[in-house]
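Engineer: Fold the following for me, if possible:
(one chain, ligands or ions: 1)
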Amino acid sequence: MGEDRTSTQVVVVGAGPVGLMLAGELRLAGADVVVLEKLTTPTTESRASTLHARTMEILDSRGLLEPLGAVPNERGGHFGGIPLDLTLPGRHPGQWKVLQTRLEELLGRWAQDLGADVRRGHELTGLTVTGDHAEAEVRLPDGTTAFFRALCIVGCDGEDSTVRNLGGFDFPGADATRDMLRADVAGIDIPNRRFERLEGGLAIAARRPDGVTRVMVHEFGALPRTAQPGFADVAETWKRVTGEDIGAGTPLWVNSFGDASRQAARYRDHRLFLAGDAAHQQMPIGGQALNLGLQDAVNLGWKLAAQVQRRGPDGLLDSYHSERHAVGQRVLSNIRAQALLLLGPAEVEPVRQVLAELAAGSENVRAHLAGMISGLDIRHDVGPGRHPLLGRRLPHADITTAGPAAGSTATGSTAALLRGGRGVLLLLPGDEARREALRTLAAPWSDLVRTVTATSVSEDLAAPGTGALLVRPDGHVVWADTGDTELTTALNRWFGQPSRAAGAPAAHRAPAPARAPVAPTAQIPARIPAQTPVQTPAPAKKKRRTDMSRLTGKTALVTGSSRGMGRATALRLAQEGALVAVHYTANREAAEEVVALIEKDGGRAFTVRAELGVPGDVHELFLGLESGLRERTGTTDLDILVNNAGVMGGVKPEDTTPETFDRLFAVNAKAPFFLVQRALRNMPDGGRIINITSGLTRCANPDEIAYAMTKGAVDQLALHFAKYLGPRNITINSVAPGITRNDNPVFGIPEAVEQMAQLSAFNRVGEPEDVADVVAFLATDEARWITGSFVDATGGTLLG
Ligand code: NAP
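Structural biologist: You can find the predicted model right below:
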């Protein structure tokens, strides 16, 4: 028997919509996840097909509505078969029809694009939980056994959950007392029926556009079946209840479901968790079960990710059980009520009539029932305070926010604020001094909580007297600034202490100003030699042969490779055979052009966008990077990291503001450090890290003090990381260019170029390719013995 062992942070059992949603949420929050699914191919059965308003909001907040395309919408639904207008204020009123297969396909692609590792044909057969890990034993299609070790295992494996059974979870509740038979039938022509209570039972029929009719039938007084029905059972029952004969139709799918109602006593047991139907069994009335499960996943994902990355505050993970068990209990109770109204005997008729009158005649009753079914009325206990939004979901509204550049704005929806899966501190229009104070308070959490300054919001979010809202990644408001409660307490409670928050900066960072234009004197040292020797022309650019292949099979990320030296480096590494991620922030067309050039030469590359120097930068970059790598190589291995992106200073010491200084450090020094930190998770032994610093760390220019300080800081990366990475045979070096041609207009002024050329021993300015060649060499195996070094690529500028 072959054995295979895999380690990850979270194992999710079940690749249905709930498991895939959870996997995507975990990845979005940076946790590694493997999804184990016993089916070898996705199911073609569409059990559920209804999404309610809250689920639509959640999909919207993850950017998943657009790929879903046009979705049929019905404003009307039902409560136990009694017609009910489901619309409530919000952006997605009513119910939406999406086949489960379509949803699964969408969530599967999303989760995998984010880096979830989905393994099909993996059947859970055993579970072991120890003090520091949990292990899943899995049977593979060839009969061999594999083991998956994780910090936590989540059962999203449905009603008959193996995780729940093996984990010994209590699953109290009531067995089914009635059931409904269900079949998709082709070739029949019967009238559509919504919920027809006839003398003998309940009949439902709905013909789909493809001509297939879904029939559902219950015979009053019939006991639930112990085995799955055949089509003959359905046809006979249909005939007894309606008098119609559908026996000549072709059954495409037949099943039955009962009104059993059970709920796990605990959704968490130490390292094991349950979500979706694994945690609660209910009759699938009105499509609530799927919605309930998806919302379990979204509540759990970010909390579990915080825990496995050791930054979760105490009690956070337990709030998954307390919040979702309470929601589940309420939904199960409304479903039991609906089952009774739908399938109960003639005695329930008077109750149905009274309820129908109330639902039609009282707006309060209608809105109450619609709130319950749509999930829009969910309110978690999130702490003290009486603000009406506290514990509720952030209403979706139009919002105009302050952009990164001074005076710039951006318009969108509050849903989009949650797209990256981080928390949001939403500063509403109002007193700027108060907003600045809140920004400062939240700054230490900036990697986990994005601060957004709204300049205006639409009426949906009008909350008079509210200065700000703190919103969790799942969209629930956990703090509202009415001037009387502490933001810091809420941040600590939901996001952990800043010292435990990954990469949290110690001090407040002001909103990033627009990128400073490069001053014409940027990079030019103050000391210009008196003599003016004749300028040496740059050697003709050699066209490299693509068969040099020293980097074939390697993958590389070059930050800031849409232009300048980064661009030249990306082209060079690709010529050596590497698959290159061309990173950019603003200049998409330029980055795409680099990819096109590489592909034209037979190389491989793709673009990755992320602005560096802003909260969440590294996370965003790696989401795109890992997705691009996986798509092309099947893994997320990164062999070569070139930290090249940078912003110039060109500001006199007396003109350097704290904001300029912070910005320079954020892009040039902080981002490279955290890129190295993050990349080490993907880098195999023998990897290469090359940081582009500057000759200015060894040569004075008073106009570049702050810039040179950032590059001096980056030089330290090579020195100290080299020792740390030696055991893994990973080398890390600094490459320090001198004045090197880029898009700066100064390179179009012959006199300036001549002056700059005099600084180099070769009497010319550097070309991007001069530096790219040095970087490429350091990336090859030939440079294996060089680490921790400062490589002078200034063309002799530092010789004096
Ligand atoms: P460049 O032509 O100015 O290009 C800069 C690149 O970095 C662009 O791809 C740009 O992306 C990207 N970038 C800038 N700010 C970014 C941010 N906040 N987030 C993400 N990407 C960002 O650069 P270069 O002159 O070749 O310089 C490359 C490196 O060498 C820099 O680190 C620089 O400090 C260093 N250096 C340059 C010289 C020189 O004389 N040129 C000398 C010594 C050292 P977009 O195109 O999308 O904006």
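Engineer: residues in contact with residue 468?
Structural biologist: Listed by CB atoms under 8 Å, 6 or more residues apart in numbering, the contact set of residue 468 reads 425, 426, 427, 428, 435, 438, 480, 481, 487. Any C-beta I mention is one placed from the backbone N, CA and C, and that applies to glycine too.
Engineer: rerun that using 7 Å as the cut-off
Structural biologist: When contacts are counted by CB atoms under 7 Å, 6 or more residues apart in numbering, residue 468 touches 425, 426, 427, 428, 438, 481.
Engineer: ok, of those, which one's closest to the ligand?
Structural biologist: residue 425 (22.2 Å; CB to the nearest ligand atom).
Engineer: What's the first helix or strand after the helix or strand that closest one falls within?
Structural biologist: Residue 425 is part of strand 423-427, with elements assigned from DSSP states H and E. Sequence order places helix 432-442 as the next helix or strand after strand 423-427, per DSSP H and E.
Engineer: Can you list the strands that the next helix-or-strand element following that next one pairs with?
Structural biologist: Counting by DSSP H and E, the next helix or strand C-terminal to helix 432-442 is strand 449-457. With DSSP bridges as the test, strand 449-457 is paired with strand 398-402 (antiparallel), strand 423-427 (parallel).
Engineer: want to throw the ones you listed into CSV with mean pLDDT and distance to the ligand?
Structural biologist: As requested, the strands paired with strand 449-457 are exported to CSV (pLDDT from 0 to 100; distance: least, CB to the nearest ligand atom, whole Å):
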stretch, mean pLDDT, distance to the ligand
strand 398-402, 86, 18
strand 423-427, 95, 22
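Engineer: Would you reformat those strands as JSON lines and include distance to residue 491 and mean neighbour count?
Structural biologist: As requested, these are exported to JSON lines (distance: least, CB to CB, whole Å; neighbours: other CB atoms under 10 Å):
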{"stretch": "strand 398-402", "distance to residue 491": "20", "mean neighbour count": "18"}
{"stretch": "strand 423-427", "distance to residue 491": "8", "mean neighbour count": "24"}
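Engineer: Residue 74 contacts residue 93, doesn't it?
Structural biologist: No - the pair residue 74 and residue 93 does not pass the contact test of CB atoms under 7 Å, sitting 10.1 Å apart.
Engineer: what are the bridge partners for residue 582, then?
Structural biologist: residue 558, residue 607.
Engineer: Run a quick neighbour tally on it.
Structural biologist: When neighbours are defined as other CB atoms under 10 Å, residue 582 has 30 of them.
Engineer: List the contacts of it.
Structural biologist: Neighbours of residue 582 in contact, by CB under 7 Å, 6+ apart: 558, 561, 562, 570, 591, 594, 595, 605, 606, 607, 608.
Engineer: do residue 390 as well
Structural biologist: 382, 477, 480.
Engineer: and what of residue 652?
Structural biologist: 702, 703.
Engineer: tell me the phi and psi of it?
Structural biologist: In terms of degrees, to the nearest 10, the main-chain angles of residue 652 are phi -60, psi 150.
Engineer: what pLDDT does it get?
Structural biologist: At residue 652, the pLDDT value in this model is 85.
Engineer: got it, and residue 600?
Structural biologist: pLDDT at residue 600 comes out at 88.
Engineer: Next: the one 10 residues further on.
Structural biologist: On pLDDT, residue 610 comes in at 92.
Engineer: mind checking how far it is from residue 617?
Structural biologist: For residue 610, the distance to residue 617 equals 6 Å [CB to CB, to the nearest Å].
Engineer: Give me every residue in this protein lying close to the ligand.
Structural biologist: Residues of the chain found near the ligand (CB under 6 Å from any ligand atom) are 523, 560-566, 584-587, 590, 611-613, 644-647, 667, 692, 694, 737, 739-740, 742-743.
Engineer: and the residues you listed, which are buried?
Structural biologist: 523, 560-566, 584-585, 590, 611-613, 644-647, 667, 692, 694, 737, 739-740, 742 (16 or more other CB atoms under 10 Å).
Engineer: What segments of the stretch 551-700 of the chain are helices?
Structural biologist: 564-575, 588-600, 617-633, 658-665, 671-679 (DSSP state H, counting those that start in this stretch).
Engineer: Can you tell me which of those is most buried?
Structural biologist: Neighbour counts (mean count of other CB atoms under 10 Å) averaged over each of the helices of the stretch 551-700 of the chain peak at helix 564-575, with a mean of 27.
Engineer: ok, and what's touching that helix?
Structural biologist: Under CB under 7 Å, 6+ apart, the answer for helix 564-575 is 544, 546, 548, 551, 556, 558-561, 580, 582, 594, 597-598, 601, 603-605, 640, 642, 644-645, 692, 737, 740, 742-743, 768-769, 771-773, 775-776, 779.
Engineer: Dump the C-alpha coordinates for it into PDB.
Structural biologist: Taking C-alpha atoms only, helix 564-575 is exported to PDB below (Å, rounded to 0.1, in the frame of the first residue of the first chain):
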ATOM      1  CA  GLY A 564      13.200  50.600 -17.000                       C
ATOM      2  CA  MET A 565      15.500  48.100 -15.400                       C
ATOM      3  CA  GLY A 566      12.700  45.900 -14.300                       C
ATOM      4  CA  ARG A 567      11.500  45.600 -17.900                       C
ATOM      5  CA  ALA A 568      15.000  44.800 -19.100                       C
ATOM      6  CA  THR A 569      15.400  42.200 -16.400                       C
ATOM      7  CA  ALA A 570      12.100  40.500 -17.100                       C
ATOM      8  CA  LEU A 571      13.000  40.200 -20.800                       C
ATOM      9  CA  ARG A 572      16.500  38.900 -19.900                       C
ATOM     10  CA  LEU A 573      15.200  36.300 -17.500                       C
ATOM     11  CA  ALA A 574      12.600  35.100 -20.000                       C
ATOM     12  CA  GLN A 575      15.400  34.800 -22.600                       C
END
